[in-house]
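S.K.: below are the sequence and a predicted model for it; my questions follow.
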Amino acid sequence: MAARNGFKVFQNLRSRIIGQSRGLGTKPVSGSYRSVCPAILGSVAVGVVGFGAYKYFNWETLKELNLIKVQSVSAAGTPQAQPSVWSQGKDHALYLWIELSHDANAKEVAKVAARLQKLVDMVTDPSMRDESDEIWAGVGFGPNFYKQIGGKVKESYTYSHRKGVHGEMPSSAGDVFIHAKCNTVSKLFELAHLFIKSLPPGSVKNAEDIYSFVYKNGRDLSGFIDGTENPADDDSRQKVAVNKETGGSYVITQKWIHDLKVINSQQDKTLESWVGRLKSDSTEISKKSITSHVARMTGGSNVQKKPFEIVRQSMPFGTVTGESGLFFIGYAASPENFNYMLDRMVGAGDDPHSDDIMRLSRNVKGTFWYFPGVAELKRFE
Ligand code: HEM
């Protein structure tokens, strides 16, 4: 056990020094850094092994010794957002969507939700975790439930049903939503199970847990690279996703089922005109159709400044024999950002055009949530 712990500590140390994790971002490693790194690693390893002669290796001990800087989830001065909000992606995500029964005890449910981080720590021991099994999670609440438990928001966030020429966007019920990311999918399964088990018996009316995966290094199941124009670095992600005063974030979730027959039967040129980008390398088409997805999202057919941004953390999900598609999830400091985009997808925005992306996928479920800041959430414990 001590040897295994020691190995994990060394792995932790290595990945944190080099910053290899998908989740921590992939900053380029300079040449001199590369040559100095093995030396540093060697010295640290010798130190760690020596130290282990006296005491079992322990992550907490290393933290106490200040050998490791634990990733901070907030910039100085800004209230902390929950870990899922602007952190980078991992190999898998859990999307757990819960509708409560009418007689559920809302305060008790909120208490369990407010202790989500404790459940996360039960699934992956914080003193032992590394990039393979650490979980970054957050919990959000539907507007009715949040009001019921006495939660306050700066802006109301009701999700309206929408209908366009290519299909509908139904407005679905939802009280509690968990978004969690991990490189080990079974950890996410454990978390969903533990969360539901921790709720007072009979609380849940309907629930759905979806487990997503990275497809072809970051492509949607349509074959297009997804995320090209997403805010990439931690600062811009935080700026777009988090309300500065509260640390809270508004979230859109939509379940999309792709029509693989359409996707497989259309020429790449046609699909590219629907998306507004090339399939091979995601180059933006400079004069694209006003009905292309990118033109709908950015406000025009040319490459221009965007009126609104969101932090998308959508991922593919599903099975070959059943249904598959995109679980769309986006974070923003205001729900206005989502409404602008959704209206423009169904011809209800500033022009009558609808989004061609809806020719290849069908939206079956959708709503908005509020993910309170860490301090706001703590009040419900
Ligand atoms: C079936 C559903 C969807 C699919 C397959 C899809 C796919 C894509 C793809 C391939 C891109 C281009 C690459 C990129 O910049 O990421 C893109 C861009 C984008 N999508 Fe979607 N998307 C879907 C739904 C949505 C929805 C519902 C929203 C908003 C509510 C949205 C917002 C955006 C935004 C903001 C961009 C970036 C536009 C830019 O700045 O160039 N997407 N999407």
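M.R.: Alright, I've got the coordinates. These figures come from a predicted structure and were not determined experimentally.

S.K.: you'd agree Leu119 is in a helix?
M.R.: Yes: secondary structure of Leu119 (DSSP: H, G, I helix; E, B strand; the rest coil): part of a helix.

S.K.: spatially nearest residue to it (excluding sequence neighbours)?
M.R.: Of all residues not flanking Leu119 in the chain, Leu194 sits nearest, at 5.2 Å (CB to CB, 6 or more residues apart in numbering). (Each C-beta comes from the backbone N, C-alpha and C, glycine too.)

S.K.: repeat that for Thr253.
M.R.: Ile329 (5.1 Å).

S.K.: re earlier: what sits against the residue nearest to Leu119?
M.R.: Neighbouring residues of Leu194 by CB atoms under 8 Å, 6 or more residues apart in numbering: Leu119, Met122, Val123.

S.K.: give me the residue at the spatial middle of this structure.
M.R.: The centre of the chain sits closest to Gln313, judged by CA atoms, centre = their mean, with a distance of 4.1 Å.

S.K.: so it touches His179, yeah?
M.R.: Yes: Gln313 lies in contact with His179 (CB atoms under 8 Å); the separation is 7.3 Å.

S.K.: average model confidence for the helix or strand containing the residue nearest to Leu119?
M.R.: Here Leu194 sits within helix 185-198, counting by DSSP states H and E. Averaged over helix 185-198, pLDDT sits at 98.

S.K.: flag every buried residue along it.
M.R.: Within helix 185-198, the residues scored as buried using 16 or more other CB atoms under 10 Å are Val185, Lys187, Leu188, Phe189, Glu190, Leu191, Ala192, Phe195, Ile196, Ser198.

S.K.: could you count how many residues lie near the nearest residue to Gly299 once chain neighbours are set aside?
M.R.: In this structure, Gly299 finds its nearest non-sequential neighbour in Pro307, 5.2 Å apart by CB to CB, 6+ apart. Other residues near Pro307 come to 13 when the count uses other CB atoms under 10 Å.

S.K.: try Thr124
M.R.: Neighbourhood size, Thr124 [other CB under 10 Å]: 19.

S.K.: residues touching it, list them.
M.R.: Thr124 makes contact with Asp133, Glu134, Ile135, Cys182, Lys187, according to CB under 8 Å, 6+ apart.

S.K.: who wins for neighbours among these?
M.R.: Highest neighbour count within the contacts of Thr124, by other CB under 10 Å: Cys182, with 28 neighbours.

S.K.: for Val214, see how far away the nearest residue to that one once chain neighbours are set aside is.
M.R.: Take Cys182 and drop its neighbours on the chain: the residue closest to it by CB to CB, 6+ apart is Ile135, 4.5 Å away. With the distance defined as CB to CB, to the nearest Å, Ile135 ends up 16 Å from Val214.

S.K.: what do you get for Gly202?
M.R.: To Val214, Gly202 is 37 Å away according to CB to CB.

S.K.: show me what contacts the residue nearest to Gly299?
M.R.: Contact analysis of Pro307 by CB under 8 Å, 6+ apart lists Thr298, Gly299, Tyr340.

S.K.: what about the ligand: which of the residues you listed touch it?
M.R.: Filtering the contacts of Pro307 for proximity to the ligand (criterion: CB under 6 Å from any ligand atom) leaves Thr298.

S.K.: so how do I select the buried members of the contacts of Pro307 in ChimeraX?
M.R.: In ChimeraX syntax, the buried subset of those is picked out as below (16+ other CB under 10 Å):
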select :298,299,340
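
S.K.: kindly reformat the contacts of Pro307 as a markdown table containing pLDDT.
M.R.: What follows is these, written out as a markdown table (pLDDT from 0 to 100):
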| residue | pLDDT |
| --- | --- |
| Thr298 | 96 |
| Gly299 | 94 |
| Tyr340 | 97 |
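
S.K.: closest to the ligand out of the contacts of Thr124?
M.R.: The shortest gap between the ligand and any of the contacts of Thr124 belongs to Cys182, at 22.5 Å (CB to the nearest ligand atom).

S.K.: thinking again about what came up before, give me the subset of the contacts of Pro307 lying in helices.
M.R.: If you go by DSSP state H, the contacts of Pro307 have Thr298, Tyr340 in helices.

S.K.: look up the closest residue to Tyr146, ignoring the ones flanking it.
M.R.: In this structure, Tyr146 finds its nearest non-sequential neighbour in Tyr370, 5.7 Å apart by CB to CB, 6+ apart.

S.K.: could you chop the protein up by domain?
M.R.: Split into domains by automatic domain parsing, the chain comes to 2-64, 92-378.

S.K.: that older thread, so the residue nearest to Tyr146: helix, strand or coil?
M.R.: Of the three states, Tyr370 takes strand under three-state DSSP.

S.K.: equivalent analysis for Tyr331, please.
M.R.: Here Tyr331 is strand, with the state taken from three-state DSSP.

S.K.: next up, the contacts around it.
M.R.: Val85, Trp86, Val240, Ala241, Val242, Ser249, Tyr250, Val251, Ile310, Val311, Gln313, Phe371.

S.K.: let's see 7 Å
M.R.: Val85, Trp86, Ala241, Ser249, Val251, Ile310, Val311, Gln313 (CB atoms under 7 Å, 6 or more residues apart in numbering).

S.K.: that one bridge partners, please.
M.R.: For Tyr331, the beta-bridge partners are Val251, Val311 (DSSP bridges).

S.K.: now Ala180: how far from Tyr159?
M.R.: Where Tyr159 is concerned, Ala180 sits at a distance of 22 Å (CB to CB).
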